[in-house]
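Q: 3D model of this:
(3 chains, ligands or ions: 2)
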Amino acid sequence: MTTKLHPLLIVFAAVIFAILVAPLFIILGAAVSDTSFLTFPPQGFTMRWFTNIFDITAFRTTAITSLQVAVTGTFLALLIGIPAAYAMNRFRIRLPSWLSNVFVLPILVPEIVLGFSLVKSITIGLELPVFATLLIGHTLLVLPYAVRVVGASLASFDFSIEEAAISLGCPPLKTFFTVVLPNIGAGVVAAFILAFITSINDVSTSLFLTGPGVSTLPIQIIAHMEQFFDPTIASVSVLLMILTVGVMAIVEATLGLTFLTK
Amino acid sequence: MTVSLTLDNVSAHYGSTQVLKDLSLSVKAGELVSLLGSSGCGKTTTLRLVAGFLEPSAGSIRLGDRDLTRLPAHQRDIGLVFQNYALFPHLSVRDNVAFGLKQRGVGKAERDAKANAMLERVGLSAFAERMPAALSGGQKQRVALARALVIEPPLLMFDEPLSNLDAKLRVDMRVEIRRLQRANGTTSLYVTHDQEEAFSISDRVAIMNAGRIMQLDTPEVLYQRPANSFVARFVGFENLIEMTVTERNGEMVTATTKAGASLTLSQTVYGAIPDRFILAARPDGLAVRQSGEGIPVTLGIRTYLGRAYQYQCTTSTGDLTGNGPLSELLEPGAQAVLVPVPEQCCILPPEA
Amino acid sequence: MVKRLTPWLLAAPATLLVLAFLILPVGSTLATTFLEPKGWIAPYVTFFNSGVRRTVLYRTIEISVITTVLSVIIGFIAAYVVAHVPGRLKSIMIIAAVFPLLTGVVVRSFAWLILLGKNGILNSALLGLGLISQPLSMLYTEGAVIAAMVYLFVPLMILTLAGVLEGIPKDVLEAATSLGATPFGVFRQVILPLAMPGLIVGAVLVFTGSFTSYATPQLLGGEKQMMMGTLLYQRAMVTFDWVGASTVAAIMVVVTFVIVFLMTRLARRLNPMVA
Ligand SMILES: Nc1ncnc2c1ncn2[C@@H]1O[C@H](COP(=O)(O)OP(=O)(O)OP(=O)(O)O)[C@@H](O)[C@H]1O
Ligand SMILES: [Mg+2]
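A: Ligands and ions are numbered 1, 2, ... in the order given. Predicted coordinates:
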């Protein structure tokens, strides 16, 4: 780059990036504070707020629900999203152009409106179980990642390779799994990660889709926070941040973090 | 208006690696000099130093009586033509051309008039309203050229401006560049790695290697009398034969190859011959004969060239290539001699 | 025959999912407000006649606009630095942006709760420095919501814009410099116009995200700073006013769609790559 950065710009950016990460370290401090209220800097040191998490059944059950929904929802979204993405890239001229707009809708429609509409029409209207509606909601929520992220790697895939395989005697379905899928692997991994993270962190869609006995971890955290303001929340947050670090490590190892700037 | 460009003992570093080593170069007023060399030899680096995108670690750069060495890039007043055109994608063709004038505070009406006139000269009047994305490669290159010319810079620089164009367009464009450069008499520095392009467009060519200029001369001199073995190889002297003088007899000199073959050479033809030297010859500078005084070789593969046969020859000290007449068909494996053709060969200092 | 249907068969499951569980339910929510016996306009009259709900709407717009402006400015400057620093520092900055981005909205809002609370770090610091004698009530203010919301969206903005800025070819900037543009001139005449489409897209993401957010205003604004998301939740789950809730939902959908439609058109018009 030709223009050198003005020192003030660098200082400004350093402050911004410090503010971006500092609050998360404050949570870490608050989680080990030996006080019954949230405070920073921590006073004393204890791990009891971490063990406390496991004494609260609601955290355990909602964490399990969250994981189940995130994994199943992401898997379902990929299962139906990849064929759709494939069809739209491979047979572009044979499908109408509005079809791709259909898969933008879950991003466009406010999540909270989606949750509200689902509870109104599906849970109440069709009397489907709460868990089923929650799963449907999350599948919809992450479907755009499956279609668009995988679609982006399919857009740069050279379909003549597929034709070459078929001309060499490989049946179409087998060709998809042995030739197409390995070449869009990075896109599938990216879609999976983004979808999983979106689902596990979601509040707005899940808000309405919880009921007796069925809730997600973020909703449970909010509920807990409104009653108790003790360091348990901080320790749950720390566990969630460890999950984030794990995901970042996976992203870095598979795609490189810079992929997120694209 | 026309001024000269002088680089005086310039060095450049990227981090800790030195890319240019004590490079001195002078482009006379109104002259077009090319930098020619293989990939990575430092041609672009030289341009970037002059343009001000890179600071030299030593040495100075002058344009006429202005010292450019520490001047900010935007104050240097140099027209630059980039390999990838580097047009502003958000501006129309006319606004691209007018951009430099705008920076100089020229009013809207005047800069549009000047831009239009320049577009006229490069034959793009009809495209003034277009966006760059809607132009062909050759058209983009002409906009880039017009944009650099319209500010009437004392110095024009080109970095491989034609390498993204197809062969036919490349020839047309280089004629056009030369025409516009001549018409304005603008001092120019032109980077290319295409020898034919460099030789056809330039007043003088600087052949570069590993951050140094090996020889700066007119194309004719470079082609016929390379100054060293690097340049010789570069311009097609495939055969470089190390020789040592064994006997001097007036104008006549006898010298032997490492393998012991002996040749008699005339200093009237070759100029003064030092005691150790390299005899450089293109294939048509070594005549293949069945016998006589020459370098004994074993003939290898024969190729038909239309005007002659070319033979790959082997000797105990290396391979040589020579040409033989069409009237005499020699078979691979046969013994023959190679005889230097006086006007086609030259004498070079030995390699260090 | 089967061959001709293949593309459709492949796209069908995902399309049907969106149709059955998004288009129809959301459509029915919108329809609820139009099929009122008292006339389609009635729910909207009720909405705008209620001072509280009107305030909520205006507050939501105000907070969203301020959040968008701040996020765009802060994000752009930070992204500009990210795009221009050398590799190692760049990776650190990207990590610093990605980490909060991948951390959930609840955790990130919670961090600001600790930061701004009565016993929070900011109050402790100000007390410690002797700048104040009583802890300030910073929570449940518009400022708290905006701060947390900006914090929520800046990482997204940085990553989007860093990609845009890095995509501007270096030689285009050098061309501008060689033609005599000052560093500021290069910024204003080349970088800014080329980044504008990305800037607009980013701004739309932030605005619609803020406009429809729930967790952050709920946690940091509480009842006092109620926004549209919380209003929707209250109408539906506290007062069981389905029509009222649907009206809020409809307003959210309309605002989102109009903004997205207008802004993407603007972004496309400003995109130089489209001839
Ligand atoms: N930004 C950089 N950082 C480090 N090294 C660089 C950088 N740019 C160029 N170099 C190195 O400097 C040397 C000269 O590069 P330069 O670009 O001047 O070559 P060139 O002659 O223009 O080659 P080409 O014909 O391929 O364009 C090369 O070895 C290159 O690897
Ligand atoms: Mg180069």
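
Q: do a quick rundown of the helices in chain B.
A: B:43-51, B:93-103, B:108-121, B:137-149, B:167-184, B:195-201, B:219-224, B:229-234, B:267-270 (DSSP state H).

Q: chain center to the shortest one: distance?
A: The gap between where helix B:267-270 is centred and where its chain is centred comes out at 28 Å by Cα atoms, centre = their mean, to the nearest Å.

Q: same deal with the second one?
A: Mean-position distance between helix B:93-103 and its chain equals 31 Å (Cα atoms, centre = their mean).

Q: look up the closest residue to residue C:210, ignoring the ones flanking it.
A: What sits nearest to residue C:210 in space, not counting adjacent residues and going by Cβ to Cβ, 6 or more residues apart in numbering or on different chains, is residue C:64, at 3.9 Å. In short, each C-beta sits where N, CA and C put it, glycine included.

Q: and that neighbour, that's in a strand?
A: No: secondary structure assignment places residue C:64 outside any strand; it is helix (DSSP: H, G, I helix; E, B strand; the rest coil).

Q: distance of it from chain B?
A: The gap separating residue C:64 from chain B is 29 Å, by Cβ to the nearest Cβ, to the nearest Å.

Q: related to what we said a few turns ago, of the helices of chain B, which is nearest residue A:34?
A: Residue A:34 lies closest to helix B:43-51 among the helices of chain B, at 60.5 Å (Cβ to Cβ).

Q: sketch out the low-pLDDT regions of the chain for me.
A: Assuming you mean chain A. For chain A, the stretches flagged by pLDDT under 70 are A:1-4, A:261-262.

Q: wrong chain, I was asking about chain C
A: With pLDDT under 70 as the threshold, chain C has low-confidence stretches at C:1-2, C:272-275.

Q: for the residue nearest the centre of it, identify the helix or strand it belongs to.
A: A centroid search over chain C (Cα atoms, centre = their mean) returns residue C:206, at 2.2 Å, as the residue closest to the centre. For residue C:206, the element it lies in under DSSP states H and E is helix C:192-211.

Q: and that helix, which residues are buried?
A: Going by neighbour count (16 or more other Cβ atoms under 10 Å in any protein chain shown), the buried part of helix C:192-211 is C:193-211.

Q: please apply the same query to stretch B:137-154.
A: For stretch B:137-154, the buried set under the neighbour-count rule, 16+ other Cβ under 10 Å, comprises B:138-151, B:153-154.

Q: re earlier: which of the helices of chain B sits closest to residue B:247?
A: Ranking these by distance to residue B:247, with Cβ to Cβ as the measure, places helix B:267-270 first at 12.9 Å.

Q: average pLDDT across the closest one?
A: The average of the pLDDT scores along helix B:267-270 is 90.

Q: ok, residues contacting it?
A: Contacts to helix B:267-270, defined as Cβ atoms under 8 Å, 6 or more residues apart in numbering or on different chains, come from residues B:251-253, B:273, B:342-343, B:345-347.

Q: at 7 Å what do you get?
A: For helix B:267-270, contacts defined as Cβ atoms under 7 Å, 6 or more residues apart in numbering or on different chains pick out B:251, B:253, B:273, B:342, B:347.

Q: mind listing what the fourth one touches?
A: By Cβ under 7 Å, 6+ apart, the residues touching residue B:342 are residue B:269.

Q: could I get the pLDDT score of it?
A: pLDDT, residue B:342: 87.
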